[in-house]
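> Here's a sequence, model it:
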Amino acid sequence: MNVDKKDNIIVRIAGESHLGYVDTILDTIAEAAKIRGTGIARRSPEYIARKMNEGKAIIALSGDEFAGFCYIETWGDKQFVANSGLIVVDKFRGHGLAKRIKKMAFELSRTRYPNAKIFGLTTGLAVMKINTELGYRPVTFSELTDDNEFWKGCESCVNYDILLRTNRKHCLCTGMLYDPNWEKEKKKSNGTKATITKTVKSLANKLKK
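Reported below is the predicted structural model:
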């Protein structure tokens, strides 16, 4: 799904036509980081623009007004995909917009990198809930990417010293991960259970005879 329209707010994959929102996006992220007292990895205008041009960003608009944003990035030779920079403008909160943006970013990640593990770091209960609904599980940091470039993004966080002191084992953020192999294992398990059930019923019917 490339476009999701609801309550006069359109959520879509960002492109070149949305480059004019780059500064607004960065200002909104910076302000949110101050209010939360936790970090969101700082990105340059060039970085966000590149994400849009590559079709690796999700933007939400109410008419021409900016409402929300998120982008995806690969790490560890594309073995991992992070959905990062999730932000919703205050006036548009409380209507499920973050969930819509996150869902589309998740779908985009699954489409472009079907075999990659999808992960994120968050201190927000609402984001944890959304992630759980999408199939993420809380994990230790050791199960996330070991790509140093990803972890460098935490340097702009006010809690970065905690990450350093613990040798990158834990911080105030919760690591959450979605592994596509879980779905394969689930289907395999369900298939095995169905076969066993069928066999048992067949034997039961023979015994009745």
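
> And residue 182, how close does it get to residue 47?
Distance from residue 182 to residue 47, counting by Cβ to Cβ, to the nearest Å: 31 Å. C-beta: built from backbone N, CA, C; applies to glycine.

> per-residue confidence averaged over stretch 182-195?
Mean pLDDT, stretch 182-195: 64.

> Closest to the centroid, which residue in the chain?
Centroid-nearest residue in the chain, with Cα atoms, centre = their mean: residue 83, separated by 3.5 Å.

> Please identify which helix or strand holds that residue.
Assigned by DSSP states H and E, residue 83 belongs to strand 80-88.

> What pairs with that strand, parallel or antiparallel?
Here strand 80-88 is paired, per DSSP bridges, with strand 65-75 (antiparallel), strand 117-122 (parallel).

> if we can go back for a sec, isn't the residue nearest to the centre of the chain up against residue 117?
No: if you go by Cβ atoms under 8 Å, residue 83 and residue 117 don't touch, sitting 11.7 Å apart.

> Same list, the strands paired with strand 80-88, but as JSON lines with mean neighbour count, distance to residue 154 and mean pLDDT please.
Output for these, formatted as JSON lines (neighbours: other Cβ atoms under 10 Å; distance: least, Cβ to Cβ, whole Å; pLDDT from 0 to 100):
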{"stretch": "strand 65-75", "mean neighbour count": "22", "distance to residue 154": "13", "mean pLDDT": "97"}
{"stretch": "strand 117-122", "mean neighbour count": "23", "distance to residue 154": "8", "mean pLDDT": "94"}
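
> Ok, which of those comes nearest residue 150?
Counting by Cβ to Cβ, residue 150 lies closest to strand 65-75 out of the strands paired with strand 80-88; the figure is 4.6 Å.

> Using PDB, list the CA coordinates for the closest one.
Taking Å, rounded to 0.1, in the frame of the first residue of the first chain, the C-alpha atoms of strand 65-75 are listed here in PDB:
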ATOM      1  CA  GLU A  65       0.200  20.700   6.300                       C
ATOM      2  CA  PHE A  66       2.900  18.300   7.700                       C
ATOM      3  CA  ALA A  67       1.500  15.800  10.100                       C
ATOM      4  CA  GLY A  68       4.000  13.000  10.600                       C
ATOM      5  CA  PHE A  69       7.100  11.100   9.300                       C
ATOM      6  CA  CYS A  70       9.200   8.000   9.500                       C
ATOM      7  CA  TYR A  71      12.100   6.500   7.400                       C
ATOM      8  CA  ILE A  72      13.800   3.200   7.000                       C
ATOM      9  CA  GLU A  73      17.500   2.400   6.800                       C
ATOM     10  CA  THR A  74      19.400  -0.900   6.300                       C
ATOM     11  CA  TRP A  75      22.300  -2.000   8.500                       C
END
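
> sorry, back to before: nearest to residue 98, out of the strands paired with strand 80-88?
Per Cβ to Cβ, nearest to residue 98 of the strands paired with strand 80-88: strand 65-75, 6.9 Å.
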